[in-house]
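K.L.:
just a sequence and a predicted model for now, questions to come.
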Amino acid sequence: DAGVIQSPRHEVTEMGQEVTLRCKPISGHNSLFWYRQTMMRGLELLIYFNNNVPIDDSGMPEDRFSAKMPNASFSTLKIQPSEPRDSAVYFCASRPPQGTTYNEQFFGPGTRLTVL
Amino acid sequence: SQQGEEDPQALSIQEGENATMNCSYKTSINNLQWYRQNSGRGLVHLILIRSNEREKHSGRLRVTLDTSKKSSSLLITASRAADTASYFCATDGRENTDKLIFGTGTRLQVFP
């Protein structure tokens, strides 16, 4: 199993540009989570999906952030327009159907975003 | 705000010593998990303890849970240099087990 795949691994962009982060969850997992990690705020949940449906986006900081999951094997997190304070490491995590494990999440390697 | 607060924030020990990290949380939970994060990597699940359990072991890891004090501890015995990483506790909520709230983490440095 390849694990959760995220791309790109590193992204450097200029303020005002659109940024799209991509995630491929583990096959068979039906929940997908997007997190942001910074030194100041730690690891924050932005949004999560169950069976491709967004369940809770209360962690999305602003309307500049949006996330989609068009199918079970792909999700995107988009920031438009990007700002320097969006600089962080963004993680995607997936989870098997409830009942198969006790809520363990499997994390991707993250995307390090730098907005200049 | 994060539910889990961990202490110490940083811990340095020699190989072979034991490392103990503590986590406190605020609300009732179903499960508490511990994750490890190596520098520049994603988090990796280590162990889960359910709210009706008090202690659990996995290899060199020992986790305790005290729901009356809303606290947990992670003990790594006979530490190795490869244990150098950040360790996070994560709790779910009684009403919503989907969401995990992560603690602030403990940075562990094990010197050879």
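P.N.:
Done, it's in. Numbering: from 1, shown residues only, chains lettered A, B, ... in the order given.
K.L.:
contacts and neighbour counts: CA atoms only from here.
P.N.:
OK.
K.L.:
pLDDT value on residue B:95, please?
P.N.:
Note for residue B:95: predicted pLDDT of 73.
K.L.:
gap between it and residue A:44?
P.N.:
Distance, residue B:95 to residue A:44, using CA to CA, to the nearest Å: 19 Å.
K.L.:
for residue A:110, same thing?
P.N.:
To residue A:44, residue A:110 is 13 Å away according to CA to CA.
K.L.:
who's more crowded, these two?
P.N.:
Higher neighbour count among residue A:110 and residue A:44: residue A:110, with 30 against 21, using other CA atoms under 10 Å in any protein chain shown.
K.L.:
contacting residues for the closest residue to that one other than its chain neighbours?
P.N.:
Closest residue to residue A:110 apart from its sequence neighbours, by CA to CA, 6 or more residues apart in numbering or on different chains: residue A:91 at 4.4 Å. Residues near residue A:91 by CA atoms under 8 Å, 6 or more residues apart in numbering or on different chains: A:6, A:34-37, A:107-111, B:42.
K.L.:
top of these by neighbour count?
P.N.:
residue A:110 (30 neighbours).
K.L.:
and residue A:93, how far is that from chain B?
P.N.:
Residue A:93 sits 9 Å away from chain B, going by CA to the nearest CA, to the nearest Å.
K.L.:
and stretch B:57-64, how far from the chain's centre?
P.N.:
Average the C-alpha atoms of stretch B:57-64, do the same for its chain, and the two points are 10 Å apart (CA atoms, centre = their mean, to the nearest Å).
K.L.:
same question for that stretch: list its buried residues.
P.N.:
B:61-64 (16 or more other CA atoms under 10 Å in any protein chain shown).
K.L.:
would you list these in CSV and tack on pLDDT, secondary structure and distance to chain A?
P.N.:
As requested, the buried residues of stretch B:57-64 are exported to CSV (pLDDT from 0 to 100; DSSP: H, G, I helix; E, B strand; the rest coil; distance: CA to the nearest CA, whole Å):
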residue, pLDDT, secondary structure, distance to chain A
B:61, 97, strand, 17
B:62, 98, strand, 18
B:63, 98, strand, 16
B:64, 98, strand, 17
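K.L.:
what is the nearest of those to residue B:51?
P.N.:
Of all the buried residues of stretch B:57-64, residue B:64 has the smallest distance to residue B:51: 10.4 Å, by CA to CA.
K.L.:
thought the closest one was touching residue B:51?
P.N.:
No: in this structure residue B:64 lies outside contact range of residue B:51 using CA atoms under 8 Å: 10.4 Å.
K.L.:
do stretch B:79-97 and chain A meet?
P.N.:
Yes: Stretch B:79-97 reaches chain A (CA under 8 Å from any CA of the partner chain) through residue B:97.
K.L.:
hmm, who's touching that stretch?
P.N.:
Outside stretch B:79-97, the residues that reach it (CA under 8 Å, 6+ apart) are A:103, B:3-4, B:6, B:14-19, B:23, B:25, B:27-39, B:98-112.
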